[in-house]
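Enquirer: One predicted model, sequence on top.
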Protein chains: 2
Amino acid sequence: MQKAILLSDSELTLRLSKVTAAMSVAGLESILLSDNASKYYMTGRVFAGYIYITADGKLICFVQRPVELEGPDVIYIRKPEDIPAHVAAPSSWGLELNTTSWVTVERLRALFPEASVGNASSVMMQARSVKTEAELELIRLSGRKQETVYRRIPRLYREGMTDIEFQVEIERASRLEGCLGQFRISGDTMELFMGNIIAGDNADAPSPYDFAMGGAGLDPSLPVGANGTIIKPGMAVMVDVNGNYTGYMTDMTRVFSLGRLTDEALKAHDCSIRIHRALAAAGAIGTPARELYEMAVGIAAEDGLEHYFMGHRQHAKFIGHGLGIEINELPVIAPRSHDTISAGQVIALEPKFVIPGTGAVGIENTYYITPEGRWECLTNAPEAIIPL
Amino acid sequence: MQKAILLSDSELTLRLSKVTAAMSVAGLESILLSDNASKYYMTGRVFAGYIYITADGKLICFVQRPVELEGPDVIYIRKPEDIPAHVAAPSSWGLELNTTSWVTVERLRALFPEASVGNASSVMMQARSVKTEAELELIRLSGRKQETVYRRIPRLYREGMTDIEFQVEIERASRLEGCLGQFRISGDTMELFMGNIIAGDNADAPSPYDFAMGGAGLDPSLPVGANGTIIKPGMAVMVDVNGNYTGYMTDMTRVFSLGRLTDEALKAHDCSIRIHRALAAAGAIGTPARELYEMAVGIAAEDGLEHYFMGHRQHAKFIGHGLGIEINELPVIAPRSHDTISAGQVIALEPKFVIPGTGAVGIENTYYITPEGRWECLTNAPEAIIPL
């Protein structure tokens, strides 16, 4: 037998209080969680089944698999229709409407056909956007491991390598350092395997996905990232690889090159670093996220680099994002974001440029917003362009 | 500019005819596809946007990203609400209810509020369960590449390795052979990174996921597969690793060991191979899939191995599955399956056993059901237990 809930009692209480506070704002008597990321957040593990939470902070794990979990808060069920026998019918409840399929939501709705249904996805996104100390420790650990791997990258390069051969060695180094590989993305339209290594003009290949950078990929079934480009002098090689070492991710990008890049590329890389410094200095608690986006665009424009900012033939419409269990949490640093900067958020900033003829430059770091509103960097590898 | 549709005209016509035939059975005038796997099936590429198909076989790609796709069948849109301006309102249509989130389905429903809504997921599952010659070629190619990697596996082992260290070398060999890594699973509850390597009694650790075998995994955030077990003499090491080399997958499992396994483990491994032979011989066109499941259970019981079949502490409730773009396509070889064997299906069979003290044994092969109903194996690496 294993404990169903791996969180300490105090941690569980803390997370529950954040969730019930968000439920109260949304006017929900209870929520039923079906998403793996949410279940991991509430228990410290993933299981097949559902979590039911009431506004007064009672939590029940309705477990289908694995066998042999135990705890006062565990009820084994065969199917969701077994749930109503164990809880009082709410008059309003929330389901995870953003991430659960239509058929599953309709099946769950039918458990309490009289109850009005709200969106538990919004509740969980709000609760999860501000990290606890225990979460922060896991994120810090991922950052330290990711730094170790990034410092090792130059030694993984061998002359004549393609981008994908280089990527495979970085993947191997990451996995041997403990990277879990899994790259959790909320929603079902974004796909990526282990991260992006983009060399030279492949950075300018537009991708269907909502990532900061594109790349043609190796196959039209997965059109993103490395495309078999041989790494040559004068190319920027951008490395943005999976930082999930603990169930919680950091996100870091660095640029490598063989020999010196053009002055314009170096200027753009410096501009990216300058944007990091400026946003970290300006991003006090309460700052609207969209102001940080506009500040970044303004700095790029001052340097005459607006046409290359966040892409060239195709432009991404954000420069940063919250992250933790998933790579796309709140806040979103984007022009129409309604989010504001809060203490306890963890935010990846990735102001990047695509310079035709050179490739992608700029860095990405993950920051923790301290109680005082300081942006503490969790991904401390050297930021300048790194020679291979 | 790039062609939006990478399929040949004849291949597109063939796939459209399969889809419209299934639409006709479901009584749908049109369908709107939102799932990446479906978009890849209809065009040969993944893009952000939607595909609209009418019962008379007209197809329109409504594209949001990437920029620069072209063709007579392409209309760029900013948001789904732009679609109704371009098509006549249907009286009944299908949306992908099994794989699209509730909020997205409700947003799409509102495009034609008068139209009744059916399930396009079922339509696409039916159409995709019988492969075309062009699809079969991609699957064959994945099988050949996967065979090459599996034949190389014994040379990747070094004394004292853990399961995860062994797995990392297999991952690297797979990626260098061209494996795309991405492991497409329909639905949002199953998660796996690159495949499963399970050594010794870790095979008996129950997992939350609906895979044939479990394994504790490295972290409770991803509780499946390798858990850091040091590979020792007498352990079975089961290797079931990603076969996506072309956008289409094969699925293959082989067992490796240091030294000889127990007689019981060897007997179970032989039993697995015998189940393969028996099901392939019995699986004529029209055979109900559940009869094949029952036959497999019967053979395991004849050998007195029923307690170890498809797990020991926790049992999987299927022994095979269709596959192609995704790992869980039709038919399902399970006790309550309503599927029947048809020409053109591609099916992975994985009768496996968990023997306490030894680990997991048994093999998995991917078969193509020929027009004559012969089960042609597409994963032809040696089937006996392979010494490390």
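Expert: It's in.

Enquirer: so where do the helices sit in the stretch 201-350 of chain A?
Expert: With helices called from DSSP state H, counting those that start in this stretch, the stretch 201-350 of chain A shows them at A:263-282, A:289-302.

Enquirer: Chain B: which of these is closest?
Expert: Smallest distance to chain B across these (CB to the nearest CB): 19.2 Å, for helix A:289-302. C-beta coordinates here come from the backbone N, C-alpha and C atoms, glycine included.

Enquirer: Next, the buried residues of that closest one.
Expert: Applying a neighbour-count criterion of 16 or more other CB atoms under 10 Å in any protein chain shown, one finds A:289-293, A:295-297, A:299-300 buried in helix A:289-302.

Enquirer: Quick check: bridge partners of the residue nearest to A:Tyr367 when sequence neighbours are not counted?
Expert: In space, and not counting its chain neighbours, A:Tyr367 is closest to A:Trp375: 4.3 Å by CB to CB, 6 or more residues apart in numbering or on different chains. Beta bridges link A:Trp375 to A:Ile369, judged by DSSP bridges.

Enquirer: Next one: A:Trp375 relative to chain B, how far apart?
Expert: Using CB to the nearest CB, to the nearest Å, A:Trp375 is found at 26 Å from chain B.

Enquirer: repeat for A:Arg15
Expert: Noted for A:Arg15: a distance of 15 Å to chain B, by CB to the nearest CB.

Enquirer: Provide the secondary structure category for that residue.
Expert: Three-state call for A:Arg15 (DSSP: H, G, I helix; E, B strand; the rest coil): helix.

Enquirer: Next: the one 3 residues further on.
Expert: Following three-state DSSP, the label given to A:Lys18 is helix.

Enquirer: Please report phi then psi for the closest residue in space to A:Ile273 that isn't next to it in sequence.
Expert: Nearest non-adjacent residue to A:Ile273, counting by CB to CB, 6+ apart: A:Glu383, 5.6 Å away. Backbone torsions of A:Glu383, given as degrees, to the nearest 10, read phi -100, psi -20.

Enquirer: I'd guessed A:Glu383 sits against A:Ile363; true?
Expert: Yes: with contacts counted by CB atoms under 8 Å, A:Glu383 reaches A:Ile363, the gap being 5.2 Å.

Enquirer: mind listing what the most centrally placed residue in chain A touches?
Expert: Taking CA atoms, centre = their mean, the centroid of chain A lies closest to A:Ile327, which sits 1.2 Å from it. By CB atoms under 8 Å, 6 or more residues apart in numbering or on different chains, the residues touching A:Ile327 are A:183-185, A:249, A:251, A:321.

Enquirer: In the stretch 251-388 of chain A, which residue sits closest to chain B?
Expert: At 4.8 Å from chain B, A:Gln314 is the closest residue in the stretch 251-388 of chain A, using CB to the nearest CB.

Enquirer: For that residue, which non-adjacent residue is closest in space?
Expert: Nearest non-adjacent residue to A:Gln314 (CB to CB, 6+ apart): A:Pro206, at 3.6 Å.

Enquirer: sorry, back to before: need the buried residues of helix A:289-302 in JSON lines with distance to A:Ser92, can you?
Expert: Below are these laid out as JSON lines (distance: CB to CB, whole Å):
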{"residue": "A:Ala289", "distance to A:Ser92": "30"}
{"residue": "A:Arg290", "distance to A:Ser92": "31"}
{"residue": "A:Glu291", "distance to A:Ser92": "35"}
{"residue": "A:Leu292", "distance to A:Ser92": "35"}
{"residue": "A:Tyr293", "distance to A:Ser92": "35"}
{"residue": "A:Met295", "distance to A:Ser92": "40"}
{"residue": "A:Ala296", "distance to A:Ser92": "40"}
{"residue": "A:Val297", "distance to A:Ser92": "41"}
{"residue": "A:Ile299", "distance to A:Ser92": "46"}
{"residue": "A:Ala300", "distance to A:Ser92": "46"}
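
Enquirer: which one of those sits closest to A:Ser122?
Expert: Relative to A:Ser122, the closest of these is A:Ala289; by CB to CB it sits at 16.4 Å.

Enquirer: Wait, that closest one touches A:Val332, no?
Expert: Yes: assessed by CB under 8 Å, A:Ala289 is found in contact with A:Val332 at 6.3 Å.

Enquirer: list residues touching both of those two?
Expert: By CB under 8 Å, 6+ apart, A:Ala289 and A:Val332 have these common neighbours: A:320, A:339.
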